[in-house]
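Undergrad: Output the structure for:
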Amino acid sequence: MEYLGRDGAPLAGQLWNGIDDAVIKAAANVLTGRRFLTLHGPVGAGAQFAKIDRKGKQEDFGDGFVKTANRQVVEVPQLFADFWLYWRDLEATGGTGADLSAAQFAAQTLALQEDKMIYYGLPELGLEGLLSAKGVTSLKRSDWGSGEGSFSDVANALAKLEQAGYVGRYALIVSSDLFVQLQRIQPGVGLLELDRVKSLLDKRVYKATALKPGTALLVCAEPYCVDLLLGQDITTAYLEQVDLNHHLRIMETALLRIKCPDAIVVFK
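TA: Next up is the predicted model:
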């Protein structure tokens, strides 16, 4: 992995260990897509393109050639966030006890970018997200702040997915405000509404800060429906030394592959 520039970087190995640990822990606090999506790979940082096979893929034979229908070849996006380590800060601690807040903030920024890509796609690259993909199922969302609206909505969405033949791991992802609305005792039942919803989904309910207020979606998370391809998993590269300070980059290459859009239910 010499492309990361770490071998010749003027940073001690113990400091690199601290950076790596801080970055992974900070990113994990934000990431939600990886909690329910199947990860494919890492397939290598050099993988610049990947295929997305939609349901109904088949070979069509023409006049001396074969075309694969319902297959798309797309670019694997590269995501990054930069940060600096200042030489005086490192010298003050001997490098081993350095304040790595800048690395943690950058890691959270990168993690939020990954989640936004998963949910909203990257229109600049022609990539769809779970919320923006053509062919997703849309259901009107009830009031989740009172009554049994959330439980009934999720149960209805589950029934639709099962009727469409999507059976397996389901995951409900909600925005922060809807997650708060689920934190209430259901009258006459004595249970949190969140716990009632979790009982339908084997506890797979996730709050995603990347989602806009009032957003919720239910996904059949089996890999034949959707997965997350990793080229280079989250890592830190050394870019340059400027004015004795150290410029670093947290980066990854990843691609959301939606194979069955109708295995996604968006509450609107």
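
Undergrad: Tell me which residues touch the residue sitting nearest the centre point of the chain, please.
TA: In the chain, the C-alpha nearest the mean C-alpha coordinate belongs to residue 33, at 3.2 Å (Cα atoms, centre = their mean). Residues touching residue 33, when contacts are defined by Cβ atoms under 8 Å, 6 or more residues apart in numbering, comprise 114-115, 118-119, 208, 228, 256. In this view, the C-beta of every residue, glycine as well, is placed from N, C-alpha and C.

Undergrad: any chance of the residues you listed in a markdown table, plus pLDDT, neighbour count and secondary structure?
TA: As requested, the contacts of residue 33 are exported to a markdown table (pLDDT from 0 to 100; neighbours: other Cβ atoms under 10 Å; DSSP: H, G, I helix; E, B strand; the rest coil):
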| residue | pLDDT | neighbour count | secondary structure |
| --- | --- | --- | --- |
| 114 | 98 | 23 | helix |
| 115 | 98 | 21 | helix |
| 118 | 98 | 24 | helix |
| 119 | 98 | 22 | helix |
| 208 | 98 | 23 | coil |
| 228 | 98 | 20 | strand |
| 256 | 98 | 23 | strand |
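
Undergrad: of those residues, closest to residue 172?
TA: The shortest distance between residue 172 and any of these, using Cβ to Cβ, involves residue 208 and amounts to 10.4 Å.

Undergrad: For residue 97, see how far away that closest one is.
TA: With the distance defined as Cβ to Cβ, to the nearest Å, residue 208 ends up 34 Å from residue 97.

Undergrad: Next one, pLDDT for the residue nearest to the centre of the chain please.
TA: Confidence at residue 33, expressed as pLDDT, is 98.

Undergrad: Checking the most far-flung residue of the chain relative to its centre next. Helix, strand or coil?
TA: No residue in the chain has its C-alpha farther from the mean C-alpha position than residue 63, which lies at 41.8 Å (Cα atoms, centre = their mean). Following DSSP: H, G, I helix; E, B strand; the rest coil, residue 63 is assigned to coil.

Undergrad: same question, residue 73
TA: State at residue 73, reduced to three classes by three-state DSSP: strand.

Undergrad: I figured it hits residue 48, correct?
TA: No - at 10.5 Å, residue 73 and residue 48 do not qualify as touching, with contact defined as Cβ atoms under 8 Å.

Undergrad: I'd like the average pLDDT over stretch 70-86.
TA: Taken as a whole, stretch 70-86 has a mean pLDDT of 95.

Undergrad: in stretch 70-87, what's buried?
TA: Of the residues in stretch 70-87, those buried under the neighbour-count criterion (16 or more other Cβ atoms under 10 Å) are 74, 76-77, 79, 81, 83, 85.
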